[in-house]
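Here is my input; please provide its structure:
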Amino acid sequence: MIRQGNEKEKGRMTRLRCYRQFILFILSCISLGASERISSKTYVIVSGNVACIRRLNGTHQVGCSSEINGNVGVLHYINDTDSLNWLINSGPHQPYVALLTSLNFNRDTVQQLRNSKKITGIIVIHTDDSATTPLPDSFSPADKCPGDLYGLYHNNQEYGNCKKVTWNEDGNGMFFEDFEFPISIVTNKNETDYLINNCYLKFNQPTQGVPREYPLCAVQMKSRMAAAKDSETCIRRTNTPTNLNPDKYCDALGDKNVIGFFKDVPEDYKPEKKSIILAMARMDSYSLFENIYPSADNQVSGIVALLAAAEALRKYKDHFDNTTKDILFTFLNGEAFDYIGSTRMLYDMDKGALPLKLKMDHVDRIVEVNQLAYREEGRIWIHADPVSRNDPNISSEIDDMISTILDIGKNLSDIVGAVNQTQPLPPASTQKFLQKTPVPALVLTDHKKTFTNKYYNSRFDLAKTISAMVNASDNGYNHVTDQASNLTVAATLLARSLYTLATGSPAPEGLMAEQQSVTHMLYCFLISPNCELFKQVIPPAREAFDDLASQKSPYPFYVSVYGQINNVTRIIQRLLTHYIGTVEKNHTESCTSSEKASLQLYNYLWMAGPLNSDNKTRTVTCVKSRVTQTKAYSPAFEITDYNGWGGFQYSTWTESSWATNALLLRVFLIPSKAMETSILSGGVILTLVSMVLIYFLNKKADILFAHPRPSSL
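Okay, here's the model as predicted:
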């Protein structure tokens with residue numbers, strides 16, 4: 001009977017433990033839910049937050065990063081000089097997070113805030129609403145002399161460091177600054193209104209210059225970057241595993257170039273020396289903030305002109321035979337970061353790693369199209385390298401090229417002009433090729449001297465600033481803007497020039513770019529990639545159409561980190577294939593949806609094709625062309641034990657990695673220091689009382705929680 005009583009007691013105690021565990025579980029769930037509700041009531045998350053990130057090169061780190069748990073400061077709205085001066089001279093509640101308008105965010109203002117030692121972060125208003133985000137007269141975070149260190153004139157006593165021409169006079173160099181605090185833009189108008197009205201005006205705005213009392217509205221900015229110091233250090237740390245799950249601190253910048261030979265040639269074709277005209281444009285740019293890389297004038301104008309010229313030339317493809325030169329359409333990536341794409345192309349030429357084992361010996365001449373949207377004096381300007389003119393033969397060929405293009409331009413409303421022969425080349429990929437081998441080369445731009453683009457490599461290089469803005473609709477897709485008309489003429493000039501340079505004959509009068517094609521490309525690149533032109537050239541797969549439909553903004557023109565091909569690169573390859581390729585009537589087994597680099601003479605791509613008459617189905621096509629991808633990846637990251645990190649041979653740019661939860665911006669109220677102290681003191685007192693109470697309860701537990709003994713018979 002005693003054993004039976006003990007077993008009952010054990011059962012009762014087991015049930016009590018189960019009950020306690022169950023209650024604890026329920027309380028934990030309630031506590032978790034309550035904590036989430038408290039968090040949602042305490043913090044307001046700003047989802048339209050786009051951060052300035054950190055990048056590194058061989059010698060420095062640039063960009064922004066926060067503390068590991070974020071930077072917290074009282075929000076102060078700066079919309080004029082008085083509000084700036086109040087923060088610097090009178091603001092007592094430091095640290096502050098400064099909220100700036102698009103007009104106030106400039107180097108001078110940021111430097112004043114840094115020098116005050118009162119700020120811990122900066123937020124910039126950047127919405128689609130022109131009232132809240134007016135265009136500044138100019139803004140360029142690039143240098144005044146872009147690409148000079150890796151360019152043709154580096155260390156040149158006469159032309160180096162922009163001695164002749166300061167190309168980017170509006171450049172403030174902010175992209176290359178190392179900021180010790182986070183900087184973000186907010187793109188959602190409702191959220192910017194909340195920051196101004198519900199946070200700053202409601203809690204923080206001084207009353208007649210007198211600071212407000214607590215509670216105050218504060219912001220936590222978190223954009224913690226993993227990399228530090230320079231690319232060499234970062235790559236070494238990444239390549240030195242310290243545990244079973246090694247950390248990755250940074251990734252090398254890079255992507256793919258797109259190249260396409262124009263002529264149809266036999267399978268056993270081998271190029272001869274001086275048999276190729278290199279027609280080039282650049283694909284990438286940068287700005288201060290992640291994923292905001294519009295690049296309307298900077299890159300898109302040149303890309304569209306070159307693609308439209310390629311399309312126009314296709315109609316006269318039968319004029320190109322074994323007696324004419326070939327045209328190599330080349331779209332280079334990573335050029336904004338010390339010429340990654342062109343440097344790699346030259347490196348691969350030396351290694352025999354390009355299609356046809358292409359080398360500089362095969363290149364006869366170079367024509368590059370650069371910025372074309374803001375025409376100084378209403379003209380396109382021809383630039384040539386004065387150093388190359390030291391060779392009389394090259395100088396003579398340059399003069400012939402200029403004369404040819406000027407003559408063609410006279411028949412197109414006299415749209416072309418030539419700059420002074422003593423003026424150096426502007427920042428252009430051509431500089432890297434001339435570093436390798438002097439050849440006759442021209443660069444076509446919209447500026448005679450200083451850039452006419454006041455927003456070079458910035459978030460303001462938009463469709464609306466180049467007069468190409470239309471509504472995101474079918475009507476907008478077909479609407480011919482002033483810029484579309486201008487670029488059509490520029491593409492016609494380019495097509496006729498390439499034709500004459502390659503064939504040695506005058507261009508046919510019918511050789512003209514299609515205005516509709518230019519209109520469509522501008523829309524697709526600058527307004528919405530979910531457009532009919534892009535739908536025609538993507539693979540005939542549901543996933544490709546779904547990806548286009550999901551795009552809410554234009555594709556960013558940023559090289560990004562190496563490893564995954566950019567959308568811009570993919571679509572340019574497919575557009576070039578579409579424009580200069582041949583539709584195979586019999587679908588061949590060679591046709592593939594792959595866009596990978598290939599050394600085959602011909603490549604084949606499936607394309608979704610144009611809409612049929614029912615406006616639902618499409619005629620899928622297989623297109624044969626000599627278009628492919630090549631690496632745009634700096635050799636510095638492939639050469640074993642590379643020791644040129646501080647030199648200027650190869651680009652060394654990397655991008656810092658960051659955790660998935662590393663980017664955050666949220667708003668909350670902070671109490672006064674006195675209230676915080678009283679809450680802390682109350683918590684400490686309550687803890688001590690609880691400890692004393694638990695001590696006595698534990699000491700008297702045998703009396704307070706005595707269990708009745710089981711009865712015995």
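
what about the strands in the stretch 351-500 of the chain?
363-369, 380-383, 416-418, 441-445 (DSSP state E, counting those that start in this stretch).

can you tell which of these is closest to Thr323?
strand 363-369 (13.8 Å; Cβ to Cβ). No exception for glycine: its C-beta is placed from N, CA and C like everyone else's.

Wasn't Leu253 part of a strand?
Yes: assigned with DSSP: H, G, I helix; E, B strand; the rest coil, Leu253 falls within a strand.

which residues does it contact?
55, 334, 337, 340, 559-562, 634, 651, 653-655 (Cβ atoms under 8 Å, 6 or more residues apart in numbering).

What score does it have for pLDDT?
Listed pLDDT for Leu253 reads 98.

Now it. Nearest residue, chain neighbours left out?
Leaving aside its sequence neighbours, Leu253 sits nearest to Trp653 (Cβ to Cβ, 6 or more residues apart in numbering; 4.5 Å).

Just the CA trace of stretch 334-342, in PDB.
Taking Å, rounded to 0.1, in the frame of the first residue of the first chain, the C-alpha atoms of stretch 334-342 are listed here in PDB:
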ATOM      1  CA  GLY A 334      32.400  47.900 -65.700                       C
ATOM      2  CA  GLU A 335      33.900  50.900 -67.400                       C
ATOM      3  CA  ALA A 336      32.800  53.300 -64.700                       C
ATOM      4  CA  PHE A 337      35.100  51.400 -62.300                       C
ATOM      5  CA  ASP A 338      38.500  52.000 -63.900                       C
ATOM      6  CA  TYR A 339      37.700  50.400 -67.200                       C
ATOM      7  CA  ILE A 340      37.000  46.800 -66.100                       C
ATOM      8  CA  GLY A 341      35.500  45.600 -69.400                       C
ATOM      9  CA  SER A 342      38.000  47.200 -71.800                       C
END
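
re the thing from before, the contacts of Leu253 in strands, which ones?
Among these, the ones falling in strands (DSSP state E) are 55, 654-655.

which residues of the stretch 51-200 of the chain fall in strands?
Under DSSP E, counting those that start in this stretch, the stretch 51-200 of the chain gives strands at 54-56, 61-63, 71-78, 96-100, 119-125, 183-186.

Who are the packing partners of the fifth one?
Contacting strand 119-125 under the criterion 3 or more Cβ pairs under 8 Å, 6 or more residues apart in numbering; DSSP states H and E are the following elements: strand 71-78, strand 96-100, helix 107-116, strand 183-186, strand 216-223.

From Gly173, how far off is the residue most central in space within the chain?
Against the mean C-alpha coordinate of the chain, by Cα atoms, centre = their mean, the closest residue is Tyr558 at 3.2 Å. The gap separating Tyr558 from Gly173 is 19 Å, by Cβ to Cβ, to the nearest Å.

same deal with Leu576?
Taken as Cβ to Cβ, the span from Leu576 to Gly173 is 35 Å.

Have a look at those two and say which one is more surrounded.
Leu576 (25 against 15; other Cβ atoms under 10 Å).

Which pLDDT value does the model give that one?
98.

Leaving out the residues flanking it, which one is nearest to Phe179?
Cys64 (4.5 Å).

Near that neighbour, how many other residues are there?
As a measure of burial, Cys64 has 24 neighbours, counting by other Cβ under 10 Å.

Pretty sure it sits against Arg54.
Yes: judged on Cβ atoms under 8 Å, Cys64 makes contact with Arg54 at a distance of 6.4 Å.

which residues are common contacts for the two?
Met225.

Tabulate the strands of the stretch 351-500 of the chain (TSV), appending mean neighbour count.
Converted to TSV, the strands of the stretch 351-500 of the chain look like this (neighbours: other Cβ atoms under 10 Å):
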stretch	mean neighbour count
strand 363-369	24
strand 380-383	24
strand 416-418	19
strand 441-445	25
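
how about the helix or strand Ala305 falls within as PDB, C-alpha atoms only?
In the assignment (DSSP states H and E), Ala305 maps to helix 301-314. Coordinates of each C-alpha in helix 301-314 appear next as PDB, following Å, rounded to 0.1, in the frame of the first residue of the first chain:
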ATOM      1  CA  SER A 301      21.800  57.400 -75.200                       C
ATOM      2  CA  GLY A 302      25.000  55.800 -76.600                       C
ATOM      3  CA  ILE A 303      23.700  52.200 -76.300                       C
ATOM      4  CA  VAL A 304      20.400  53.100 -78.100                       C
ATOM      5  CA  ALA A 305      22.300  54.900 -80.900                       C
ATOM      6  CA  LEU A 306      24.700  52.000 -81.500                       C
ATOM      7  CA  LEU A 307      21.900  49.400 -81.400                       C
ATOM      8  CA  ALA A 308      19.800  51.500 -83.800                       C
ATOM      9  CA  ALA A 309      22.800  51.900 -86.100                       C
ATOM     10  CA  ALA A 310      23.300  48.100 -86.100                       C
ATOM     11  CA  GLU A 311      19.600  47.500 -87.000                       C
ATOM     12  CA  ALA A 312      19.900  50.000 -89.900                       C
ATOM     13  CA  LEU A 313      23.000  48.400 -91.300                       C
ATOM     14  CA  ARG A 314      21.400  44.900 -91.300                       C
END
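
In it, which residues are buried?
For helix 301-314, the neighbour count (16 or more other Cβ atoms under 10 Å) marks 301-313 as buried.

Out of the residues you listed, which is nearest to Ile538?
Leu307 (15.9 Å).

Now for Ala636: which residues touch it?
Residues in contact with Ala636 (Cβ under 8 Å, 6+ apart) are 58, 642, 644-645, 649-652.

how about Asn567, what does it touch?
529, 555.

Try it again at 6 Å.
Residues in contact with Asn567 (Cβ atoms under 6 Å, 6 or more residues apart in numbering) are Tyr555.

same thing with Asn155?
Taking Cβ under 6 Å, 6+ apart as the definition, Asn155 has no contacts.

got a pLDDT number for it?
pLDDT, read off for Asn155, is 91.

How about the one 10 residues further on?
Val165 carries a pLDDT score of 97 in this model.

Number of residues surrounding the closest residue to Ile565 other than its chain neighbours?
Closest residue in space to Ile565, ignoring its immediate chain neighbours: Lys256 at 5.6 Å, by Cβ to Cβ, 6+ apart. When counting by other Cβ under 10 Å, one arrives at 28 neighbours for Lys256.

Please apply the same query to His154.
So His154, with other Cβ under 10 Å, has 15 neighbours.

Contacts only, for it.
Per Cβ under 6 Å, 6+ apart, neighbours of His154: Gly160.

Just the terminal-to-terminal distance for stretch 151-164.
End-to-end distance for stretch 151-164: 15 Å, by Cα to Cα, to the nearest Å.

isn't Leu328 right up against Ile276?
Yes: counting by Cβ atoms under 6 Å, Leu328 does reach Ile276; the two are 5.1 Å apart.

about what we covered before: check the gap between the residue nearest to the centre of the chain and Thr166 for me.
26 Å.
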